[in-house]
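**Q** just the structure for this:
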Amino acid sequence: MVLDYQQNRSLTPWSNPVEPQIKFPTKPFEQLLIKLGWSDPQAWLSHWNKRGGISLKDGHWPPGTRSDWIWGLGLPFLTLLEGCLGNSGKSLVGISGLPGCGKTSLGFWLEAVAQELDWPIAVISLDDFYWPSPELDRRMDGNPWGVPRALPGSHDLDLINLSLDRWIESGRLHTPKFDKALRGGRGDRCGWRLSEPKVLVIEGWFLGCSLSKFEPKESCFDELLIPPLNSSELDYRQIVQDALKSYRLIWERFESIWQLRALEPTSTRLWKAEQESSMQRDRGICLDSQAFEGFVRMILAAIPQGCLQAIQADVVVDLNPSRQLIWVGQKDCQLSASSESAIG
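**A** Predicted structure coming up:
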């Protein structure tokens, strides 16, 4: 059965008639729903419409959020979490995507919905585990982009593992909080958070990045960088690669990883600018122009984009520069389709 948005108006996800129609193909989306336990897409739509559908905690989305984000990403992800709650043990799920793509907004909404549904779910960021400022500054010293954080190596991995181990053993999750507005935008720890989730969601921009796909030499995207990669950037990639090795054991803990993948990696410049504008409006502080350029350059240069594109995700959501969903489905299905297309 196909998603009958036009004939069954009571189930249509499109509340705004002038909004562009869904652009992601429905077949891989339906296959994803089957993987999540729903063989009847209309029954799935009905299931979520009874809980609010397009209006479910819509006040927790930024103004202007596209409804395809809710129907094509938010509700399928909630469906995954609902399934995890039925498992006997605890579940750890990841969201990966370039800075500014919408991971944090999605996380806020997921927690709000979980609270309304009385689901024991918590959403945190990998960034919450940044080292406290003295150690963070020491570890970031000398990087060619001058960024104060965000690179592999800026997180306290021992604390991550300890927090997860104690959560699995006791059910109590004790994690730090990091405020990026502190220290003039350099950020610092700002306390701790205690929760008792059955399902934990962690989001991060290089979460799941696999060393097996890491190529320290120039990739095709590198050739498009302006200005070209310089020797210090290429040398520092080896430091990044060495740091990434320590994250492997953490990635292996995840039951499922969903990747919000930018079709154009340079979209992160626009998305990060929007992020900084929001921080300026809400907190009265943001990165200056030099720090902003350094941060964007780091995202595009520190890890080859081919490595980020090849993250070992279970589900891939492709986004165009306006954050419209272009493809939603299991990564294996996308790879199979690409192979068949290449053969044909």
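**Q** how many other residues sit next to residue 331?
**A** 18 (other CB atoms under 10 Å). In this view, the C-beta of every residue, glycine as well, is placed from N, C-alpha and C.
**Q** give me the element the closest residue to it other than its chain neighbours is part of.
**A** Once flanking residues are discounted, residue 331 sits nearest to residue 316: 4.7 Å by CB to CB, 6 or more residues apart in numbering. Assigned by DSSP states H and E, residue 316 belongs to strand 315-319.
**Q** quick check: can you name the pairing partners of that strand and their directions?
**A** Strand pairing for strand 315-319, determined by DSSP bridges: strand 256-262 (parallel), strand 325-330 (antiparallel).
**Q** deepest-packed of those, please.
**A** strand 256-262 (a mean of 23; mean count of other CB atoms under 10 Å).
**Q** thought residue 155 was touching residue 131, still the case?
**A** Yes - using CB atoms under 8 Å, residue 131 is in contact with residue 155, at 7.2 Å.
**Q** give me the more crowded residue out of the two.
**A** Legend: neighbour count by other CB under 10 Å for residue 131 and residue 155, higher for residue 155 (25 against 21).
**Q** just the pLDDT at the residue lying closest to residue 171 once chain neighbours are set aside, thanks.
**A** In space, and not counting its chain neighbours, residue 171 is closest to residue 196: 5.4 Å by CB to CB, 6+ apart. Reported pLDDT at residue 196 in the predicted model: 97.
**Q** check the one 3 residues further on too.
**A** At residue 199 the predicted local confidence, pLDDT, stands at 98.
**Q** now the strands: where do they sit in the stretch 101-250 of the chain?
**A** In the stretch 101-250 of the chain, the segments counted as strands under DSSP state E, counting those that start in this stretch are 121-125, 173-179, 188-195, 199-204.
**Q** which stretch among these comes nearest residue 32?
**A** strand 199-204 (17.5 Å; CB to CB).
**Q** the closest one - contacts with which helices or strands?
**A** If you count contacts as 3 or more CB pairs under 8 Å, 6 or more residues apart in numbering; DSSP states H and E, strand 199-204 packs onto helix 75-85, strand 91-97, helix 103-117, strand 121-125.
**Q** just name the most buried of these.
**A** It is strand 91-97: most buried of these by mean count of other CB under 10 Å, with a mean of 24.
**Q** so how far is it from its chain's centroid?
**A** Centroid separation for strand 91-97 versus its chain: 7 Å, with CA atoms, centre = their mean, to the nearest Å.
**Q** got the angle between that strand and strand 256-262?
**A** 10 degrees (axes from the mean of the first three to the mean of the last three CA atoms, to 10 degrees).
**Q** residues in contact with strand 91-97?
**A** Strand 91-97 is contacted by residues 77, 80-81, 84, 103, 106-107, 164, 198-209, 251, 253-262, 311, 313, 319 when judged by CB atoms under 8 Å, 6 or more residues apart in numbering.
**Q** quick one: low-confidence parts of the stretch 151-300 of the chain?
**A** Low-confidence segments of the stretch 151-300 of the chain (pLDDT under 70): 211-220.
**Q** I'd like the strands paired with strand 315-319 laid out as TSV, including distance to residue 288.
**A** Listed next are the strands paired with strand 315-319 as TSV, based on distance: least, CB to CB, whole Å:
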stretch	distance to residue 288
strand 256-262	25
strand 325-330	33
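**Q** just confirm residue 38 is within a strand.
**A** No - under DSSP: H, G, I helix; E, B strand; the rest coil, residue 38 sits outside any strand and is assigned coil.
**Q** state the distance from it to residue 75.
**A** Separation of residue 38 from residue 75 (CB to CB, to the nearest Å): 11 Å.
**Q** could you do residue 60 as well?
**A** For residue 60, the distance to residue 75 - CB to CB - is 14 Å.
**Q** what do you get for residue 195?
**A** In terms of CB to CB, residue 195 sits 23 Å off from residue 75.
**Q** which phi and psi does residue 323 have?
**A** Dihedral angles phi and psi of residue 323 (degrees, to the nearest 10) take the values phi 70, psi 20.
**Q** and the helices in this protein?
**A** Secondary structure of the chain, counting by DSSP state H: helices at 26-35, 41-49, 67-69, 75-85, 103-117, 133-140, 157-170, 182-185, 231-244, 248-251, 267-283, 289-301, 305-309, 331-343.
**Q** got these as a markdown table, with distance to residue 222 columns?
**A** Formatted as a markdown table, those follow (distance: least, CB to CB, whole Å):
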| stretch | distance to residue 222 |
| --- | --- |
| helix 26-35 | 30 |
| helix 41-49 | 41 |
| helix 67-69 | 31 |
| helix 75-85 | 32 |
| helix 103-117 | 25 |
| helix 133-140 | 22 |
| helix 157-170 | 28 |
| helix 182-185 | 28 |
| helix 231-244 | 9 |
| helix 248-251 | 24 |
| helix 267-283 | 15 |
| helix 289-301 | 8 |
| helix 305-309 | 8 |
| helix 331-343 | 22 |
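**Q** and of these, who's closest to residue 148?
**A** helix 133-140 (5.7 Å).
**Q** quick one: contacts for residue 172?
**A** By CB under 8 Å, 6+ apart, the neighbours of residue 172 are 166, 194, 195, 196.
**Q** just to revisit the earlier point, quick one: the strand holding residue 316 to chain centroid distance?
**A** With CA atoms, centre = their mean, you get 10 Å for strand 315-319.
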